[in-house]
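> here is my input; please provide its structure:
(one chain, ligands or ions: 1)
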Amino acid sequence: MMSTMLDYIEQESEALTVILQEYQQKLAPVKAYLETRPVNKIMILATGSSYNAALCARYYFEEHFGILVDIKEPYNFTYYERVDPATDMVIAVTQSGKSSSTLAAMKKVQALSIPVFCLTSSPASPAAKQADGILDINTGLESVGYVTRGFSATVLNLLLIALMVAENRGLVTQAERAESLASLKDAAQAIPGVIDKTNAFIIRHRQHFIQASRFVAIGYGALTGVAKECETKFTETVRLPSGGFELEAYMHGPYLEANASHTLFFIEDRPHARSAALRDYMRPAVDAVFTVTLAAENNDENTLALDFPLTHNFAPLLLIVPFQLLAFNISAAKGIDLSVRIFDDFDKVLKSKI
Ligand SMILES: O=P(O)(O)OC[C@H]1O[C@](O)(CO)[C@@H](O)[C@@H]1O
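Numbers count the residues shown, from 1 in each chain. Below is the predicted model:
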């Protein structure tokens, strides 16, 4: 039987655990490259969910270790942008390995005699073949195009690359490295519990989610990537207007569209004063505000409290799961069959995937 999006979400815990066990082999080209030069600045080329995954991981590089990261949309990079001469390493992230814009951007970098790594779920794909080093996400491809397991696995691989670069540069002690790996393992193993809590939350608010007509997710720091992936996943599956915003950016224009038909999600790794202030301000203006947080229960029925403290930069690994489940459940409740392709000739006509 064909796997569903729900099957892939349920496989995340095991998939992340395997990645943690095997990343030294799967990401070996990174280690070999680091032996040739120290890396201080990385350029990531990615689009869609892969771009969102890079947003989730970037602050572990940057805020935690001081390793600079530029994330670029491949199409604009190819036609309008240049490589910063300070760039030490280029990683193209494409789960399918078939995104044409990412492939074209890789070729532009390589034409400058700069090597490009490809982080992909498909080591036999065109982008992987084009790469100077293949970094295997180590999950295999998903038969459902609306990736979930692959998204979480991409975030984890990028976090592990950050750790490898930091280790090479002497930015992390062996004790901190071991502690970080243990924390990532704990997070992977916490996913089944997150799924249970989310299922109870979805049952509680099912009627609301089914009739909602506009979804907005708001996050800060690494959680901006979670908000953006909520936008991507809801748009792809629920197929209603859905937006994902950085907290402060939402306050500069987007809030003005709010009305009584909006459902707002606030994404928090712990109690966050600025997020709470915006939530309190917006509550009377919209249909409902929900909070998805790693903090403990607070008796608010509109809060999904995962009660699993985690450092900010690892929080996306757990906080994305409720949005993946919401996307699956709301689309199912609306009778959308995700196994039926729509716009079936899109790639053939637009050639966005080869
Ligand atoms: O990571 P990839 O395979 O380059 O895909 C990027 C994006 O393209 C899509 O597959 C749509 O074509 C999205 O679902 C995905 O986020």
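> now the stretch 1-150 of the chain against the ligand: closest residue?
Relative to the ligand, the nearest point of the stretch 1-150 of the chain is residue 48 (2.4 Å; CB to the nearest ligand atom). C-beta here means a position set from N, CA and C on the backbone, and glycine is covered the same way.
> please, where are all the helices along the stretch 151-300 of the chain?
174-204, 206-211, 223-237, 247-250, 273-282 (DSSP state H, counting those that start in this stretch).
> wait, isn't residue 122 in contact with residue 129?
No - contact criterion CB atoms under 8 Å: residue 122 and residue 129 do not qualify, at 10.1 Å.
> contacts only, for residue 83.
By CB atoms under 8 Å, 6 or more residues apart in numbering, the contact list for residue 83 reads 43, 90, 109, 112, 114.
> so which of residue 122 and residue 129 has more stuff around it?
residue 122 (20 against 12; other CB atoms under 10 Å).
> residues touching the spatially closest residue to the residue of the stretch 1-150 of the chain closest to the ligand that is not a sequence neighbour, list them.
Ranked by CB to CB, 6 or more residues apart in numbering and with sequence neighbours excluded, the top spatial neighbour of residue 48 is residue 232, at 6.1 Å. Applying CB under 8 Å, 6+ apart to residue 232 gives the contacts 48, 49, 52, 244.
> which of the residues you listed fall within strands?
residue 244 (DSSP state E).
> list only buried entries from the contacts of residue 232.
When those are checked for burial by 16 or more other CB atoms under 10 Å, the buried set is 48, 49, 52, 244.
> now pLDDT too, for those residues, in JSON lines please.
Converted to JSON lines, the buried ones among the contacts of residue 232 look like this (pLDDT from 0 to 100):
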{"residue": "48", "pLDDT": "98"}
{"residue": "49", "pLDDT": "98"}
{"residue": "52", "pLDDT": "98"}
{"residue": "244", "pLDDT": "98"}
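> the stretch 1-150 of the chain: helices as residue ranges?
With DSSP H, counting those that start in this stretch as the criterion, the stretch 1-150 of the chain has helices at 5-10, 12-26, 28-34, 49-59, 65, 74-80, 100-111, 126-130, 149-168.
> in stretch 176-183, what's buried?
residue 180.
> hmm, who's touching it?
20, 163, 167, 172, 310, 311, 314.
> count of neighbours near residue 32?
Neighbours of residue 32 using other CB under 10 Å come to 10.
> which residues does it contact?
residue 133.
> tell me how far the closest residue to residue 247 other than its chain neighbours lies from residue 9.
What sits nearest to residue 247 in space, not counting adjacent residues and going by CB to CB, 6+ apart, is residue 220, at 4.2 Å. Separation of residue 220 from residue 9 (CB to CB, to the nearest Å): 24 Å.
> repeat for residue 333
Counting by CB to CB, the gap from residue 333 to residue 9 is 16 Å.
> tabulate the contacts of residue 83 (JSON lines), appending neighbour count, distance to the ligand and pLDDT.
Below are the contacts of residue 83 laid out as JSON lines (neighbours: other CB atoms under 10 Å; distance: CB to the nearest ligand atom, whole Å; pLDDT from 0 to 100):
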{"residue": "43", "neighbour count": "24", "distance to the ligand": "16", "pLDDT": "98"}
{"residue": "90", "neighbour count": "24", "distance to the ligand": "15", "pLDDT": "98"}
{"residue": "109", "neighbour count": "20", "distance to the ligand": "16", "pLDDT": "98"}
{"residue": "112", "neighbour count": "11", "distance to the ligand": "22", "pLDDT": "97"}
{"residue": "114", "neighbour count": "15", "distance to the ligand": "20", "pLDDT": "97"}
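> the residues you listed: which two are farthest apart?
43 and 112 (11.6 Å; CB to CB).
> check whether the host helix or strand of residue 327 comes near the ligand.
Using DSSP states H and E, residue 327 sits within helix 316-333. No - shown here: helix 316-333 not in contact with the ligand (CB under 6 Å from any ligand atom), separated by at least 11.9 Å.
> in that helix, which residues are buried?
Here helix 316-333 shows 316-332 as buried, counting by 16+ other CB under 10 Å.
> how about stretch 287-295?
287, 289, 290, 291, 292, 293, 294, 295.
> ok, residues contacting that stretch?
By CB under 8 Å, 6+ apart, stretch 287-295 touches 205, 208, 212, 260-271, 279, 282-283, 300, 302-310, 315, 318-319, 322-323.
> to the ligand, which of the helices of the stretch 151-300 of the chain lies closest?
Taking the helices of the stretch 151-300 of the chain one by one with CB to the nearest ligand atom, helix 223-237 is closest: 5.9 Å.
> now do the contacts for the most far-flung residue of the chain relative to its centre.
Among residues of the chain, the one most distant from the C-alpha centroid is residue 284; the distance is 30.4 Å, by CA atoms, centre = their mean. In this structure, residue 284 makes contact with no residue, judged by CB under 8 Å, 6+ apart.
> hmm, residue 259 is touching residue 282, no?
No - with contacts counted by CB under 8 Å, residue 259 stays clear of residue 282, the gap being 10.8 Å.
> tell me the contacts of the residue most central in space within the chain?
Geometric centre of the chain, nearest residue: residue 53, 2.9 Å, by CA atoms, centre = their mean. Under the criterion of CB under 8 Å, 6+ apart, the neighbours of residue 53 are 46, 93, 151, 154, 155, 158, 225, 229.
> neighbours of residue 303, just the number please.
Neighbours of residue 303 using other CB under 10 Å come to 18.
> one more: residue 343?
Residue 343 - counted by other CB under 10 Å - has 8 other residues nearby.
> so it: helix, strand or coil?
coil (DSSP: H, G, I helix; E, B strand; the rest coil).
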